[in-house]
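Q: just a sequence and a predicted model for now, questions to come.
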Amino acid sequence: MTPRAFLVSGLLVGLLAGCAAFLVATWAGEPAVEAAIAREGGHDHAAGTPEHTHDPTAGDGAEEEVVSRSTQRTWGLLTGSVAVGVALGGLLALGAAAAVGRLGPLRPGPTAALVAGAGFVSVALVPFLKYPALPPGVGSAETIGSRTALYFTFVAVSVAAAVLAVLVARRLLPTQGGYAAVLVGTALYLLVVVGAAVLLPGPASAGDVPADLLWSFRRGSLLTLLALWGVLVLGLAGAVDRLGRQESALRARRELAASL
């Protein structure tokens, strides 16, 4: 039960989670992305906007795409999904290693599941509810920076609120019991994130995007998140539980050997 063993397990689980997210994104997300891109191109053509603008001062390669669309939806998507999965798996594993033994009587497996589940809620689910994903071509390019800053600000507030809620619940656990501690911690988290959601600006307007396209894109995004985090939660819990059983068996063998 060393941090290194946790980290290795988390990285392997993150690799599997990234692959799962890639498969779900390809199946559920890419058709909506393609439809949004085709719609954007159709609007540009109808408005008389040329698809390629030639700059006489630029070289011959100025009109070429830096990364082709076929690469974006295959190797690019796979690389990004795996990178995110491995990074999250490593961070969650280290968080689980720090939390084992500090959350009351919970065994290592459930502790890891709790840490990963809290990560899913605070990092993925709640920010998605406040700032849901938008298809390509929606929103002004001039506001991308401000919209990205707002999103990550809300993620930071959500994560900080989750950490604070866990610390408060842990402090109350010995005196108030598990039910009251969890209830107070959950209420504290909701109070902070709801307040932040009210104070921060709302999400960007989807404009004239058809409702079915918007729903399809957001459904694909949510399913991808569920696939990524579902494998992280279940896989990390199983891997840490296996480490705990191995540690218990090793300790039992050592005690038996010492008693002989």
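A: Structure's in. What do you need? What you are looking at is a predicted structure, and each value in this text was computed from that prediction instead of being measured. Numbering: from 1, shown residues only.
Q: pLDDT score for the closest residue to Ala28 other than its chain neighbours?
A: Closest residue to Ala28 apart from its sequence neighbours, by C-beta to C-beta, 6 or more residues apart in numbering: Gly220 at 4.0 Å. Every residue, glycine included, has its C-beta placed from N, CA and C. Gly220 carries a pLDDT value of 92.
Q: same thing with Gly59?
A: 44.
Q: before we move on, what about Ser216?
A: 89.
Q: which residues of the stretch 151-260 of the chain fall in helices?
A: For the stretch 151-260 of the chain, the helices defined by DSSP state H, counting those that start in this stretch occupy 178-199, 211-259.
Q: distance to Leu91 and mean neighbour count added to those, as CSV?
A: Shown next, in CSV, are the helices of the stretch 151-260 of the chain (distance: least, C-beta to C-beta, whole Å; neighbours: other C-beta atoms under 10 Å):
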stretch, distance to Leu91, mean neighbour count
helix 178-199, 19, 15
helix 211-259, 10, 17
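Q: weakest of the ones you listed by average pLDDT?
A: Looking at the helices of the stretch 151-260 of the chain, the weakest mean confidence is helix 211-259, a mean of 86.
Q: before we move on, back to that, dump the residue contacts of the residue nearest to Ala28.
A: Val24, Ala25, Ala28, Gly29, Glu30, Pro31, Ala32, Val33 (C-beta atoms under 8 Å, 6 or more residues apart in numbering).
Q: what sits closest to the fourth one if chain neighbours are left out?
A: Yep, that's Gly29 we're talking about. Gly220 (3.3 Å).
Q: what about that neighbour, distance to Lys130?
A: 19 Å (C-beta to C-beta, to the nearest Å).
Q: apart from its chain neighbours, what residue comes closest to Ala133?
A: Ser221 (4.0 Å).
Q: residues touching the one you found, list them.
A: By C-beta under 8 Å, 6+ apart, the neighbours of Ser221 are Gly29, Phe128, Pro132, Ala133.
Q: Val192 and Arg245, how far apart?
A: 37 Å.
Q: typed the wrong thing, it's Ala211
A: Look at Ala211 and Arg245: by C-beta to C-beta, they are 50 Å apart.
Q: and Gly101, by the same measure?
A: 16 Å.
Q: shaky segments in the stretch 51-200 of the chain?
A: 51-65, 67, 137-141 (pLDDT under 70).
Q: count of neighbours near Pro105?
A: Residues lying near Pro105 (other C-beta atoms under 10 Å) number 8.
Q: helix, strand or coil for it?
A: Of the three states, Pro105 takes coil under DSSP: H, G, I helix; E, B strand; the rest coil.
Q: where along the stretch 1-150 of the chain do the helices fall?
A: Under DSSP H, counting those that start in this stretch, the stretch 1-150 of the chain gives helices at 3-24, 30-46, 69-71, 77-99, 108-119, 126-130, 144-176.
Q: out of the ones you listed, deepest packed?
A: With neighbours defined as mean count of other C-beta atoms under 10 Å, these peak in mean count at helix 108-119, which reaches a mean of 23.
Q: now that one: how far from the chain's centre is it?
A: How far helix 108-119 lies from its chain's middle: 15 Å, per C-alpha atoms, centre = their mean, to the nearest Å.
Q: now swap in stretch 214-232 and tell me
A: 10 Å.
Q: stretch 238-253 now?
A: The answer for stretch 238-253 is 29 Å, by C-alpha atoms, centre = their mean.
Q: so what touches that stretch?
A: Everything outside stretch 238-253 that qualifies as a contact, by C-beta under 8 Å, 6+ apart, is 1, 5-6, 9-10, 12-13, 93, 96, 100, 107-109, 111-112.
Q: widest-spaced pair of these?
A: Maximum pairwise distance in these, criterion C-beta to C-beta, is 20.6 Å, between Leu12 and Arg107.
Q: what's around Ala25, how many residues?
A: So Ala25, with other C-beta under 10 Å, has 23 neighbours.
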